[in-house]
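Visitor: Let's see this in three dimensions:
(chains A and B)
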There are 2 protein chains.
Amino acid sequence: MSKLVKDISEAIRLSGLKDGMTVSFHHHMRNGDHVLNMVMAEIANLGIKDITINASSIFDVHEPVTELIKKGVVTGIECNYMGGKVGKAICEGILEKPVIFRTHGGRPSDMEKGTSHVDVAFIAAPTSDDMGNCTGKIGKSACGSIGYAFADAMNANKVVIVTDNLVPYPLSDYSISEVYADYVVSVPEIGDPKGIVSGTTKITRDPVGLRMAEYAAKVIDASGLLKEGMSLQTGAGGATLAAAKFIKDIMLERGIVGSFGMGGITGYMVDMLEAGCFRSLIDVQCFDLDAVMSLREDPRHMEVSATHYAGVSGKSAAVDSLDVVLLGATQIDVNFNVNVHTDSNGYIMGGSGGHSDTAAGSKLCIIIAPLTRARLPLVVDRCLTISTPGKDVDVVVTQRGIAVNTKYGKNEELKKALIAAHLPVCSIEDLKNKAEEISGVPAPVKTSDRVVAKVLYRDGTVIDTIKAVV
Amino acid sequence: MSKLVKDISEAIRLSGLKDGMTVSFHHHMRNGDHVLNMVMAEIANLGIKDITINASSIFDVHEPVTELIKKGVVTGIECNYMGGKVGKAICEGILEKPVIFRTHGGRPSDMEKGTSHVDVAFIAAPTSDDMGNCTGKIGKSACGSIGYAFADAMNANKVVIVTDNLVPYPLSDYSISEVYADYVVSVPEIGDPKGIVSGTTKITRDPVGLRMAEYAAKVIDASGLLKEGMSLQTGAGGATLAAAKFIKDIMLERGIVGSFGMGGITGYMVDMLEAGCFRSLIDVQCFDLDAVMSLREDPRHMEVSATHYAGVSGKSAAVDSLDVVLLGATQIDVNFNVNVHTDSNGYIMGGSGGHSDTAAGSKLCIIIAPLTRARLPLVVDRCLTISTPGKDVDVVVTQRGIAVNTKYGKNEELKKALIAAHLPVCSIEDLKNKAEEISGVPAPVKTSDRVVAKVLYRDGTVIDTIKAVV
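Guide: Purely as a prediction, here's the structure:
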């Protein structure tokens, strides 16, 4: 018995994929992913139409999808993040049915609750055996964690493992079990290593970024959370990495050992683990090669499913135990709602990812963003798109001031603590005024009434819609 | 947020356990288990009645259950194995409702298919954090794999983790995720280490056992399966371990590298892994301390769920890739049906465990058993209880002859190969006659019409019933 089939076309035929069905993909191959395009090209070749793609993220490398939309092969897209290339086409109205945006926690939980059905999941696996025991830890296309793919494997009707490193049965250090795999396909290359992970992640040297980073570290310190057992999630952006550097210095100086670092993991978090700042790392996605290596070698570095990371369908998720998260924003409004979906011209160029999951779960959610970008203000009266609701945001750090969110009956003590720490605390309205002094009040983005995307909160409810740009 | 509750009583109350419900337990603590008795005593204290216990196995240490049956606290038992003490009471008619016997693969699969519902699972965890990430690999009560508990955790309505080694969050090398845990209870001792695992497993020195072992190794060699990539499951019995020793010698002599050793894992299988006889071990349960240590330290030694090991509800299980299994029997009949449930007096003293799962999945299923035991013949006209159907058995090895099962349209080539290898091949009827020459024809066991247990095959169908002993 073997589940190995000849090629992707054969796997699609065996899976019973038909017009109108939903296929799913995970995004650990990031902008180096070959699998989504390979599979969708075969689906088109087989004459199958009206397919919905449920991908944990859509990157610029997936731009060929726009051609498949025009041909009627693809008629629906669901994702947690969408890069600017496909995003622009969506905002120009290429797809009739609105895109469904979820969060990294909401996506697996919707599958588990049965509110998101996947007919055939295609799982890019850097290493697999012929029965479908697979992992991202090893192989020429190693991406580390494949945490986003667990829910697809466990909930899709049929599961196809696509690998470029077929190994003899059994693969002992498997992440996803053969229990879930229907077919295995061996292909020459599931991704371009250069696009899968960046070589190294770098801390910003930009003075604005460094100032924000320093402020953020001081906010955490003043909050009282920077103590034994502290847990932290940072993104891979230069300013949040710089903030992690300041936090690391404080932890080492004071001999503080945190419980865990979490998130998409970078080499910088690995350094903190190895320096003794954390007891463990909780990893749903690796951002660079150092993170991949660490996940493979260090038992303190844990791979978790997206449900374990941030879901709402389990009995708990790691975000529920998170102390501090540092997040970005393209816009934030005077009610502290955050936009990470659309740019200031109204075009989709992002998505929640784990933004609203970690904001909701953490004790202290800090948004770090420069007061203006490309001569447009960060703070506005109402975000063009609400990605994360204001009630889950605690502090906004800019280079020109720090706003504490006391609008929802909390954080009064925190505000006093930041003032006592001589941090430049001001109101969110002050930040808005300062931003508008620099960049002026921008002309409103012109959108039509047509909804091109719905943004679902982690519980599956619609939190906002995105309209076509005129 | 923490899931830690004060004590077992509190966990039971929070779980909502009520009269008539089903609770589940796993058996990796084996005859050293404290958890089943502790929990059931608290359930009795709370005045809850009419409870069904679904335990992967019932050992002699669980004898207090018989008192709870008399009091009406326990009115149902479901398990894959039952030791002689509780088994005797069952056969004497203590429990009104028949015991449900499943296989190690059938039990989790019935949970996953929804044909076996568990209200509250109690999981003995040698190490856990306060959110329920838990493992059997470390802690003073370390038992290694907790593979049988995965299905309980994933399918029960409420899940209580009972640990005697509570560690700070997060436990990085977890086996069961917090996603599945509702409550965590810390107790002084979940088990007696002396009963959990044996210190070492020993190869038989008995000449009868050694002869059978040598025959079994020769049967495997003659079958053509003893080659590169071979996979093998043996039990922990002295004769099967001795067979493994002969197989190991052949593999090392010829430079054969097998794919995997599987099963309940002993130190002997670990030796074979370390000697290069296998590339990996697939482990659903550790039988001794060497196996526990190896699972903890060696990434080639894989922990798997019972579904992954032997289930029928997944897309595949490891037993489907198994070449050879060496199994025991208390009786075998002329149609090659095997009894591992009842002794020759009709009393329950065992169960399928993985017997019929591995028999069904393997290419070559060899039963090793002495021709007579306690002056009773091994081979009979009809087994008192059918545990594994004859169609899944290939060869019976005794010290006085080897019977090849050609009754179901297979194994003719195998029979020729064994004869060509000068092995003492005879018919199953010959074995029966030889046994009866030694021990005489035993008086039939007297049973009443009352069914005290139903034996379910791995697919959930009833394969046999066990009657009360008169």
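Visitor: My guess is A:G139 contacts A:D164. True?
Guide: Yes: A:G139 lies in contact with A:D164 (CB atoms under 8 Å); the separation is 6.8 Å. To be clear about C-beta, it is placed using only N, CA and C from the backbone, and glycine gets the same treatment.
Visitor: Assign the residue in the stretch 301-450 of chain A positioned nearest to chain B to helix, strand or coil.
Guide: Ranked by CB to the nearest CB, the top residue of the stretch 301-450 of chain A for proximity to chain B is A:G314, at 3.3 Å. At A:G314 the chain is in coil, as set by DSSP: H, G, I helix; E, B strand; the rest coil.
Visitor: Correct me if wrong: it contacts B:I176.
Guide: No: between A:G314 and B:I176 there is no contact under CB under 8 Å: 11.7 Å.
Visitor: ok, back up a step: check the residue of the stretch 301-450 of chain A closest to chain B and give its pLDDT.
Guide: Note for A:G314: predicted pLDDT of 98.
Visitor: before we move on, back to that, so for A:G314 and B:I176, which residue has more residues nearby?
Guide: Neighbours were counted for A:G314 and for B:I176 using other CB atoms under 10 Å in any protein chain shown; B:I176 has more, 25 against 20.
Visitor: Report the beta-bridge partners for that one.
Guide: For B:I176, the beta-bridge partners are B:C134 (DSSP bridges).
Visitor: Alongside chain B, which residues does chain A contribute?
Guide: Contact residues (CB under 8 Å from any CB of the partner chain) of chain A with chain B: A:1, A:3, A:131-132, A:159, A:168-170, A:172-174, A:177-182, A:229, A:259-260, A:279-282, A:299-302, A:304-305, A:307-308, A:311, A:314-318, A:320-321.
Visitor: OK, contacts around the residue most central in space within chain A?
Guide: The residue lying closest to the centre of chain A (CA atoms, centre = their mean) is A:G353, at 3.0 Å. For A:G353, the contacting residues are A:S57, A:N80, A:Y81, A:T103, A:H104, A:V340, by CB atoms under 8 Å, 6 or more residues apart in numbering or on different chains.
Visitor: want to throw the residues you listed into TSV with pLDDT and neighbour count?
Guide: Formatted as TSV, the contacts of A:G353 follow (pLDDT from 0 to 100; neighbours: other CB atoms under 10 Å in any protein chain shown):
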residue	pLDDT	neighbour count
A:S57	97	26
A:N80	98	28
A:Y81	97	25
A:T103	98	34
A:H104	98	33
A:V340	97	24
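Visitor: which one of those residues is nearest chain B?
Guide: Scanning those for proximity to chain B, where the rule is CB to the nearest CB, the winner is A:H104, at 14.3 Å.
Visitor: mind listing the helices for the stretch 351-470 of chain A?
Guide: A:355-361, A:412-420, A:428-439 (DSSP state H, counting those that start in this stretch).
Visitor: Would you mind giving these as CSV with distance to A:T66 added?
Guide: Shown next, in CSV, are these (distance: least, CB to CB, whole Å):
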stretch, distance to A:T66
helix A:355-361, 25
helix A:412-420, 45
helix A:428-439, 32
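Visitor: and those as CSV, adding mean pLDDT and mean neighbour count?
Guide: Listed next are the helices of the stretch 351-470 of chain A as CSV, based on pLDDT from 0 to 100; neighbours: other CB under 10 Å:
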stretch, mean pLDDT, mean neighbour count
helix A:355-361, 98, 28
helix A:412-420, 98, 16
helix A:428-439, 96, 17
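Visitor: closest to B:I196 out of these?
Guide: With CB to CB as the criterion, B:I196 lies closest to helix A:355-361 of the helices of the stretch 351-470 of chain A, at 36.6 Å.
Visitor: Contacts for the closest one, please.
Guide: With contacts defined as CB under 8 Å, 6+ apart, helix A:355-361 is touched by A:103-106, A:233, A:262-263, A:309-310, A:317-322, A:325, A:327, A:338, A:340, A:365, A:387-389, A:392-393, A:457-458.
Visitor: mind listing which of the residues you listed are in helices?
Guide: Counting by DSSP state H, the part of these found in helices is A:G106, A:Y309, A:A310.
Visitor: tell me the contacts of the first one?
Guide: For A:G106, the contacting residues are A:N80, A:G311, A:V312, A:D357, A:L456, A:Y457, A:R458, A:D459, A:G460, by CB under 8 Å, 6+ apart.
Visitor: make it 10 Å
Guide: Going by CB atoms under 10 Å, 6 or more residues apart in numbering or on different chains, A:G106 touches A:80, A:113, A:115-116, A:306, A:310-313, A:352, A:356-357, A:456-461.
Visitor: just to revisit the earlier point, with pLDDT added, can I get the ones in helices among the contacts of helix A:355-361 in CSV?
Guide: Listed next are the ones in helices among the contacts of helix A:355-361 as CSV, based on pLDDT from 0 to 100:
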residue, pLDDT
A:G106, 98
A:Y309, 98
A:A310, 98
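Visitor: So which residues of the stretch 251-400 of chain A form strands?
Guide: With strands called from DSSP state E, counting those that start in this stretch, the stretch 251-400 of chain A shows them at A:258-265, A:278-286, A:301-303, A:324-327, A:331-333, A:338-339, A:364-368, A:372-373, A:376-377, A:379-380, A:395-398.
Visitor: mind checking which of those strands is nearest A:V23?
Guide: Checking these against A:V23 by CB to CB gives strand A:278-286 as the closest, at 20.8 Å.
Visitor: Report the angle between that closest one and strand A:258-265.
Guide: For strand A:278-286 against strand A:258-265, the angle by axes from the mean of the first three to the mean of the last three CA atoms, to 10 degrees is 10 degrees.
Visitor: Could you list the paired strands of strand A:278-286 along with their orientation?
Guide: Assessed with DSSP bridges, strand A:278-286 is paired to strand A:258-265 (parallel), strand A:301-303 (parallel).
Visitor: Please identify the deepest-packed of these.
Guide: When the strands paired with strand A:278-286 are scored by mean count of other CB atoms under 10 Å in any protein chain shown, the highest mean neighbour count falls to strand A:258-265 (a mean of 27).
Visitor: Just the mean pLDDT for it, thanks.
Guide: 95.
Visitor: Tell me how many other residues crowd A:G440.
Guide: Quick note: A:G440 (other CB under 10 Å) scores 12 neighbours.
Visitor: Return the residues in contact with the closest residue to it other than its chain neighbours.
Guide: Once flanking residues are discounted, A:G440 sits nearest to A:R375: 7.7 Å by CB to CB, 6 or more residues apart in numbering or on different chains. By CB under 10 Å, 6+ apart, the residues touching A:R375 are A:S344, A:I438, A:S439, A:G440, A:P442.
Visitor: what about A:P299, how many neighbours?
Guide: 13.
Visitor: whoops, A:D19 was the one
Guide: Neighbour tally, A:D19, other CB under 10 Å: 12.
Visitor: close enough to count as contact, it and A:T52?
Guide: No: contact between A:D19 and A:T52 fails when scored by CB atoms under 10 Å: they sit 11.0 Å apart.
Visitor: Find residues that contact each of the two.
Guide: Taking CB under 10 Å, 6+ apart as the criterion, A:D19 and A:T52 both touch A:T75.
Visitor: gap between A:A125 and chain B?
Guide: 15 Å (CB to the nearest CB, to the nearest Å).
Visitor: for A:V185, that is, sorry about that
Guide: Taking CB to the nearest CB, one finds A:V185 at 15 Å from chain B.
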